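Enquirer: take this sequence and fold it.
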Amino acid sequence: LKSARALAPDATHIIDKLPGNFAHVGLIHLALPNARIIHIARDAMDTGFSCYSKLFLNGLNYTYDLRELGRYYRLYETLMAHWRALLPPGAMLDVRYETLVGDFVRETRRIVEFCGLPWNDRFLAFHENTRAVRTHSQTQVRAPLFRTSIGRWHHYEKWLQPLREALGGSA
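Expert: Numbers count the residues shown, from 1 in each chain. As a prediction, this is how the structure comes out:
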């Protein structure tokens, strides 16, 4: 908390959206029992293709092999099921990405309510926020919500068979 406060001394809330946080959900809950954990899950094939199509510079080597990526995703699903069973009710909110995109206002209200925050219409205008963004999503967060990433993997299906097989063939 001291480190976070040094980075954002006036912040009343902190958001950390690192994809690898799923591995630490239990520890996060123990260290910050009042933290609200929001788990946004996306279609496995879309997630896998998205990861595979990016050049990560921080050691996410599993994203460069489709089979390894599929195995990793399945382990992620298993671990998230474990956290769901272990955490007390109300500690984590599951959100489907496709549902969020399909009904942005309703899902955003649900997330805001889960966090115990008062509603602000600016939540719907996230793309107008001018804060610094240093992730692969830096251009996406400056644009209004779009649906083009849903099912995008289908355009590349013939090259993604190793991923599909590693996910169990029914992803």
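
Enquirer: which residues are in contact with the helix ranked longest in the chain?
Expert: If you go by DSSP state H, the chain has its longest helix at helix 66-86. Defining contact as CB atoms under 8 Å, 6 or more residues apart in numbering, one finds that helix 66-86 is touched by 22-23, 25-26, 39, 41, 44, 47-48, 51-52, 62-63, 92, 94, 160, 162-168, 171. Where you see a C-beta, it was placed from the backbone N, CA and C, and this is true even at glycine.

Enquirer: how far away is the residue nearest in space to the middle of the chain from R96?
Expert: Central residue of the chain (CA atoms, centre = their mean): I40, 4.7 Å from the mean position. According to CB to CB, to the nearest Å, I40 and R96 sit 8 Å apart.

Enquirer: again with G90
Expert: 19 Å.

Enquirer: these two: which has the busier surroundings?
Expert: Neighbours per residue (other CB atoms under 10 Å) separate G90 from R96, with R96 holding more: 14 against 8.

Enquirer: for the chain, what spans make up the helices?
Expert: Counting by DSSP H, the helices of the chain are 2-7, 25-31, 44-52, 66-86, 97-102, 104-114, 161-166.

Enquirer: report all helices and strands that the third one contacts.
Expert: Other helices and strands packing on helix 44-52, by 3 or more CB pairs under 8 Å, 6 or more residues apart in numbering; DSSP states H and E, are helix 66-86, helix 161-166.

Enquirer: buried stuff in stretch 55-69?
Expert: Buried positions in stretch 55-69, judged by neighbour count with 16 or more other CB atoms under 10 Å: 62-63, 66, 69.

Enquirer: give me the low-pLDDT residue ranges for the protein?
Expert: Across the chain, the ranges flagged by pLDDT under 70 are 132-144, 170-171.

Enquirer: great, nothing more from me.
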